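In: can you look at this prediction? I've put the sequence above it.
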Protein chains: 2
Amino acid sequence: MMNSVNPYVSVDCVLLGFDGERLNALVVRQTNAEKGNDTGCYKLPGSLINMDEDLDDAAQRVLKQLTGLVQVKMVQFKAFGGAQRLANPRDSIWLERYHHLEHHLERIVTIAYLSLLRIDRKMAKLDSGYEAQWIPIDELPQLAFDHSEIVKEAVQSVKKMTALDPTMFFDLLPRKFTATQLRKLMESVTDDKVDIKNFHKKLAKMPYLVLLEEKEEGVSHRAARFYKFKRK
Amino acid sequence: MMNSVNPYVSVDCVLLGFDGERLNALVVRQTNAEKGNDTGCYKLPGSLINMDEDLDDAAQRVLKQLTGLVQVKMVQFKAFGGAQRLANPRDSIWLERYHHLEHHLERIVTIAYLSLLRIDRKMAKLDSGYEAQWIPIDELPQLAFDHSEIVKEAVQSVKKMTALDPTMFFDLLPRKFTATQLRKLMESVTDDKVDIKNFHKKLAKMPYLVLLEEKEEGVSHRAARFYKFKRK
């Protein structure tokens, strides 16, 4: 078999990070324009799977290829398989060219992966035709395929999961963080204002939080003490 | 296109029920043996999706077709896409014949759905070539494809989900149930013994449980009072 790509199944990776103010998603864009391709369009890091490749392996492979990120802990989050996912000819034509496919793509079901990670993790371009970029969720342009919908559902899913298990928030924060950073993160995930007045009391009740002696340095406002997360 | 079946993507439904003693899974078996097909093999209700069919629709369609069950609330639970899922020729040959496919199936990624439901829901065979049957999890024979693994992961997932949200247990119980039934259900999901001594105290603290005046009838042991579940 000449072409070992599975033309019906893909993986897409939703990586969410926190920049101190807002939730961001990692998106990629093709830079080596071929004439007629819409290369201005952002999309999630993703790819058709290879015929002999497990799903989890495919997700790690494509993430490394497009962003240089390795050993990112991703979990499967949902399969997106609307029959009309490829309705925009721009998207399917681009895919067919990218994979040098000879036949027309009819239908792709994508398995979406999700990861919460520190936004400062180092990226390195391996596929020189792509650039990866963190963009705040509320500033994301319309993404290719149904990727805007996938990001939206991923954020909803994080909202539900952190309500059940708030320790998930700490995957998104730096090792040491201030109460304000944690509050802003919670607000950006839940889309709700947190009550500032009772927030420090609330933090004192979280058994997995440790208040450190160390304070912020070089800030114009009153320096806040750092917290760190203690895994049990 | 003559054949509108998508040869790369399927859906499989894990339906779990509780028989009062143990967790059961609903499995199907082909009854109209064609010569050379292994029809003795149980599998999950599932099918390749149609080319123009959304995933959720496919899951409902195949469940109705093989078991007669309609309007079952199912949620996507995980995609299974190991490259070796079709390694047993028995499984792939059966599928090719069933769908009258002319080419060899190379690879199928299946989207698994999960539902917790009352085991007494009425079933009706629509596809006369199949029979559906509830079998206790711990008595399940080896299923076709990787379906044994899928059931195992589904039970693990229910274990995690009910730990976070115990009200999920009530989808599996009759409208009125005894403390013993609830305890046995919890034990069969968590695979752990529940402390009988403190169990009634524990129940009294569950805000979503109502103790009824009504008691069991016609039992040889001391009749127990029923509980019912109160949705908030």
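Out: In hand now; what should we look at? Numbers count the residues shown, from 1 in each chain, chains lettered A, B, ... in the order given.
In: output the worst-scoring helix or strand of chain A on mean pLDDT in CSV with nothing but the alpha carbons.
Out: Of the helices and strands making up chain A, the lowest-confidence element is helix A:89-98, at a mean of 78, by mean pLDDT, DSSP states H and E. Coordinates of the C-alpha atoms in helix A:89-98 are reproduced here as CSV (Å, rounded to 0.1, in the frame of the first residue of the first chain):
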residue,chain,number,x,y,z
PRO,A,89,-14.4,22.6,0.4
ARG,A,90,-11.5,24.8,1.6
ASP,A,91,-10.9,22.3,4.4
SER,A,92,-11.2,19.1,2.5
ILE,A,93,-9.1,20.3,-0.5
TRP,A,94,-6.4,21.5,1.8
LEU,A,95,-6.3,18.1,3.5
GLU,A,96,-6.2,16.1,0.3
ARG,A,97,-3.3,18.2,-0.9
TYR,A,98,-1.4,18.0,2.3
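In: that helix: what's the following helix or strand?
Out: As assigned by DSSP states H and E, the chain's next helix or strand after helix A:89-98 is strand A:109-116.
In: and the longest helix seen in chain A, what's buried?
Out: Once chain A is assigned using DSSP state H, the helix that runs over the most residues is helix A:147-164. Counting neighbours by 16 or more other CB atoms under 10 Å in any protein chain shown, one finds that the buried residues in helix A:147-164 are A:147-148, A:150-151, A:153-155, A:158, A:161-162. C-beta: built from backbone N, CA, C; applies to glycine.
In: mind listing what the longest strand anywhere in chain A pairs with, with the direction of each?
Out: Across chain A, the strand with the greatest residue count (assigned by DSSP state E) is strand A:5-18. When pairing is defined by DSSP bridges, strand A:5-18 lines up against strand A:23-30 (antiparallel), strand A:46-50 (antiparallel), strand A:109-116 (parallel).
In: can I get those in JSON lines with mean pLDDT?
Out: Written out in JSON lines, the entries for the strands paired with strand A:5-18 read as follows (pLDDT from 0 to 100):
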{"stretch": "strand A:23-30", "mean pLDDT": "92"}
{"stretch": "strand A:46-50", "mean pLDDT": "93"}
{"stretch": "strand A:109-116", "mean pLDDT": "96"}
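In: nearest to A:A79, of those strands?
Out: Evaluated with CB to CB, the strands paired with strand A:5-18 place strand A:109-116 nearest to A:A79, the distance being 5.2 Å.
In: helix or strand for A:I196, which one?
Out: In this assignment (DSSP H and E), A:I196 forms part of neither any helix nor any strand.
In: one more: A:D52?
Out: Counting by DSSP H and E, no helix or strand carries A:D52.
In: contacting residues for it?
Out: With CB atoms under 8 Å, 6 or more residues apart in numbering or on different chains as the criterion, the residues that contact A:D52 are A:4, B:83.
In: could you dump the strands paired with strand A:5-18 into JSON lines and include mean neighbour count?
Out: Rendered in JSON lines, the data for these read as follows (neighbours: other CB atoms under 10 Å in any protein chain shown):
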{"stretch": "strand A:23-30", "mean neighbour count": "22"}
{"stretch": "strand A:46-50", "mean neighbour count": "23"}
{"stretch": "strand A:109-116", "mean neighbour count": "25"}
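In: of those, which is nearest A:K73?
Out: Taking CB to CB, strand A:109-116 is the member of these nearest to A:K73, at 6.1 Å.
In: specify the angle between that closest one and helix A:147-164 in degrees.
Out: 50 degrees (axes from the mean of the first three to the mean of the last three CA atoms, to 10 degrees).
In: that older thread, including distance to A:E213 and pLDDT, could the buried residues of helix A:147-164 go into a markdown table?
Out: Putting the buried residues of helix A:147-164 into a markdown table (distance: CB to CB, whole Å; pLDDT from 0 to 100) gives the following:
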| residue | distance to A:E213 | pLDDT |
| --- | --- | --- |
| A:H147 | 44 | 95 |
| A:S148 | 44 | 96 |
| A:I150 | 43 | 97 |
| A:V151 | 39 | 97 |
| A:E153 | 41 | 96 |
| A:A154 | 37 | 97 |
| A:V155 | 35 | 96 |
| A:V158 | 32 | 95 |
| A:M161 | 32 | 88 |
| A:T162 | 28 | 91 |
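In: of the residues you listed, closest to chain B?
Out: Sorting the buried residues of helix A:147-164 by how near they are to chain B, with CB to the nearest CB, puts A:M161 at the top with 9.3 Å.
In: re earlier: say whether chain B is contacted by the least confident helix or strand of chain A.
Out: No. For a cut-off given as CB under 8 Å from any CB of the partner chain, helix A:89-98 has no contacts with chain B; the smallest distance is 14.2 Å.
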